[in-house]
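>>> coordinates for the following, if possible.
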Amino acid sequence: GPGEQVFDEILGLLNSVKSLFGVHPEKPPTASFLHRTISRLGLNVVTSTTFPTPYTFDDVTSYLEEAVEWIDEMDTTQQRVSQEMKRSYYQLCSDLLYRVEDLKEEGYEEVYTGGYEYMIAAQLPNNNNDDDGGEEEHAVLPTVDTPTPYTPKEKYRADRDPNVEQLQFPPLAPGVLETYKWANGDPYDGLSARIGIPPQLKDTIIAYAKGLGIWDIILNTMEPENQMRPDSTKILTVASPYSGQNFTWSVKRPDNFEGSSSDMHWFDIADEAAHEEALRALAKGGFDEVLNAIGTYLGLDNLVSFSIGILAVTKADKGYVHVDFSKSGKKAANFLVNLQTPGDDPELTVIEEDDVGNRRRAQVKYSNEFGILNGDDAMHATNECNHRASGGVRITASIFLSQLEEASLKQVAEHDKYYFPFGNMDWIWSQRGRHWNKDDTASMMNDKGRQPFEPVDTIEGCEDRVGENKEECMVHGEVRMNCYKTCGFFKDDGEYRPGEERAVVSPELPF
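Below you'll find the model as predicted:
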């Protein structure tokens, strides 16, 4: 090709210039010659491989630079080197350099000139001494007869886009937990399961969301023209359908991570009053059955549930494959309950990944009979969908739960600090064990609340930072996420009354 031709001309020019100084090119021995010579010496050749030697254009240019250095040293006072000859050599170098630059602009990156690097390995012959005092014979490796060109091995590429497989999904009764299994019987390698849910759970959560006004806010927000920009958050004020008390929720549209593309929005409680009331809705829906299934199956000591979050999506070209928890010791998880789905297609993608990156994929179609538990290393994503033509919105409840101890406390606190309680580990720790235990002395129905907790501002000057009417407390930012006490997101212990049954403290709430 043109690259090889230029290289040959440059090498010829360099050798011509060097010959004027009495330096003549040496032709290296061929691979065949070396192979034959070593064989004749009585050695056993076990490797004899030639490697093509490509040159980059930087290598080619370096030969030109070397030629120029030799030309610079030419002495035109000598009879055999004239000034005209020296100028001609310089002109040749200049012309060849222009040709190299033209080839680089045309996209050439390297040239192969027919040269090889060569690797040969040989084995000493066995010692022929007799057994008395002789050295132990070594194994004779297979002999290679002639040099062979190197054949690169095909690069291994992990299968990141596998065909969809089926999972075993037998019928489930309420309160029964069934971990995932692939259709061929293989166990799923993360902590993920279906759990039969009480028949009233879904309707109770929907009724509560509608009573709050959150349901209508979700439908309105998910209209294409009303959707928030990615990685943005706003705070909402809503009124309790039970007590009439005002409290806050938040809505966030997360960024599209790692090539995902989705219009998913998250709707979550944003203060302690909203948190406590949402727990009562879960209690009314029979969530105790779900907690008992999880705690019993995993052999836990206790569990606490962290309120209700709601996920909404109308269009997802590619879901974000992720795990909610890892290394919590199977003591932190997320539970999904489908509230509304506009079509018949599966809503959830399930992924299993081996140590070298190969994936297996399944899809889950939500049902009124079960919810989905995702714990440690349960890889999943929103399944691809587009409901915009029908105006439909896929809506799913998301409920985090944990047996709180050192490992799981950090996992829960750091899972996502955007929403209440913004990673406040003291408040999270005060919730431990309040909703289920193996002694059957704690439940959502007889919930005695959290343990004593005193909020503390974690930045200075909160009284001045929050604004005259605490307007900064209603803006997602540093003030809201650090002025815990001044913004008043947590109930005072005098009002909260830790250790007393919620039915006594807040009789207006559903029990």
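>>> use CA for all of it now, contacts and neighbours both
Will do.
>>> how about residue 235, secondary structure?
Of the three states, residue 235 takes strand under DSSP: H, G, I helix; E, B strand; the rest coil.
>>> likewise for residue 51?
Using three-state DSSP, the structure places residue 51 in strand.
>>> list the buried residues in stretch 335-346.
Within stretch 335-346, the residues that count as buried by 16 or more other CA atoms under 10 Å are 335, 336, 337, 338, 339, 340, 341, 342, 346.
>>> wouldn't the first one be in contact with residue 370 here?
Put plainly, it is residue 335. No. Assessed by CA atoms under 8 Å, residue 335 is found out of contact with residue 370, at 10.4 Å.
>>> if we can go back for a sec, out of the buried residues of stretch 335-346, list just those in strands.
When DSSP state E is applied, these are split such that 335, 336, 337, 338, 339, 340 fall in strands.
>>> for residue 188, see how far away the spatially closest residue to residue 353 that is not a sequence neighbour is.
Of all residues not flanking residue 353 in the chain, residue 359 sits nearest, at 4.4 Å (CA to CA, 6 or more residues apart in numbering). Distance from residue 359 to residue 188, counting by CA to CA, to the nearest Å: 12 Å.
>>> which one is residue 473 nearest to, not counting chain neighbours?
With CA to CA, 6+ apart, the residue lying closest to residue 473 is residue 480, at 4.7 Å.
>>> wasn't the one you found part of a helix?
Yes. Checked against three-state DSSP, residue 480 lies within a helix.
>>> quick one, what contacts residue 176?
With contacts defined as CA atoms under 8 Å, 6 or more residues apart in numbering, residue 176 is in contact with 195, 196, 293.
>>> again, but for residue 377
189, 190, 191, 323, 324, 325, 326.
>>> kindly report the same for residue 421.
By CA under 8 Å, 6+ apart, the neighbours of residue 421 are 270, 271, 427, 428.
>>> ok, now residue 273?
Contacts for residue 273 (CA under 8 Å, 6+ apart) come out as 247, 489, 490, 491.
>>> got these as a markdown table, with secondary structure columns?
What follows is these, written out as a markdown table (three-state DSSP):
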| residue | secondary structure |
| --- | --- |
| 247 | strand |
| 489 | coil |
| 490 | coil |
| 491 | coil |
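>>> for burial, what's the neighbour tally of residue 240?
Per other CA atoms under 10 Å, the neighbour tally for residue 240 reads 19.
>>> quick one: the most centrally placed residue in the chain from residue 381, how far?
Per CA atoms, centre = their mean, the C-alpha nearest to the average position across the chain is that of residue 322, at 5.7 Å. From residue 322 across to residue 381, the span is 7 Å (CA to CA).
>>> the closest residue to the residue nearest to the centre of the chain other than its chain neighbours pairs with what?
Distances taken as CA to CA, 6+ apart place residue 379 nearest to residue 322, at 5.3 Å, with adjacent residues excluded. Residue 379 has these beta-bridge partners by DSSP bridges: residue 351.
>>> what's around residue 379, how many residues?
Around residue 379 there are 23 other residues, counting by other CA under 10 Å.
>>> and it, what does it touch?
If you count contacts by CA under 8 Å, 6+ apart, then residue 379 has 190, 321, 322, 323, 324, 350, 351, 352 around it.
>>> report how many residues lie close to the residue nearest to residue 483 when sequence neighbours are not counted.
In space, and not counting its chain neighbours, residue 483 is closest to residue 457: 4.5 Å by CA to CA, 6+ apart. The burial count assigned to residue 457 is 16, neighbours taken as other CA under 10 Å.
>>> next one: the one 4 residues further on
By other CA under 10 Å, the residues close to residue 461 number 12.
>>> where do the strands sit along the stretch 1-150 of the chain?
Here the stretch 1-150 of the chain has its strands, by DSSP state E, counting those that start in this stretch, at 44-56, 110-123, 148-149.
>>> distance check, the residue nearest to residue 322 against residue 395.
Residue 379 is 20 Å from residue 395, where distance means CA to CA.
>>> so where's the longest helix in this protein?
Across the chain, the helix with the greatest residue count (assigned by DSSP state H) is helix 83-105.
>>> list the helices and strands that one packs on?
Contacts defined by 3 or more CA pairs under 8 Å, 6 or more residues apart in numbering; DSSP states H and E place helix 83-105 against helix 2-19, helix 57-72.
>>> can I get the ones you listed in CSV including mean neighbour count?
Formatted as CSV, the helices and strands packed on helix 83-105 follow (neighbours: other CA atoms under 10 Å):
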stretch, mean neighbour count
helix 2-19, 17
helix 57-72, 16
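>>> got a markdown table for the ones you listed, with mean pLDDT too?
A markdown table is the format used below for the helices and strands packed on helix 83-105 (pLDDT from 0 to 100):
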| stretch | mean pLDDT |
| --- | --- |
| helix 2-19 | 85 |
| helix 57-72 | 87 |
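>>> any chance of the ones you listed in TSV, plus distance to residue 331?
Shown next, in TSV, are these (distance: least, CA to CA, whole Å):
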stretch	distance to residue 331
helix 2-19	63
helix 57-72	58
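>>> rewinding a little: any idea which of the strands of the stretch 1-150 of the chain scores lowest on pLDDT?
Lowest mean pLDDT within these: strand 110-123, a mean of 78.
>>> how far off centre is that one?
For strand 110-123, the separation from the chain centroid amounts to 41 Å (computed by CA atoms, centre = their mean, to the nearest Å).
>>> so which bits of it are buried?
Within strand 110-123, the residues that qualify as buried are 110, 111, 113, 116, 118, 120, 122, 123, counting by 16+ other CA under 10 Å.
>>> again, but for stretch 310-328
Residues of stretch 310-328 classed as buried by neighbour count (16+ other CA under 10 Å): 310-316, 318-326, 328.
>>> how about it as CSV, C-alpha atoms only?
The C-alpha trace of stretch 310-328 is given here as CSV (Å, rounded to 0.1, in the frame of the first residue of the first chain):
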residue,chain,number,x,y,z
ILE,A,310,-44.0,6.1,44.8
LEU,A,311,-42.3,5.6,41.4
ALA,A,312,-44.0,6.8,38.2
VAL,A,313,-42.9,6.4,34.6
THR,A,314,-44.5,6.8,31.2
LYS,A,315,-41.6,6.1,28.9
ALA,A,316,-38.3,4.2,29.3
ASP,A,317,-36.1,3.5,26.4
LYS,A,318,-33.5,1.9,28.6
GLY,A,319,-33.8,1.2,32.3
TYR,A,320,-31.0,1.9,34.8
VAL,A,321,-29.6,-1.5,35.9
HIS,A,322,-28.6,-1.3,39.6
VAL,A,323,-28.8,-2.8,43.0
ASP,A,324,-30.5,-1.1,45.9
PHE,A,325,-28.3,-2.7,48.6
SER,A,326,-25.1,-4.7,48.8
LYS,A,327,-23.1,-6.0,51.8
SER,A,328,-25.9,-5.3,54.3
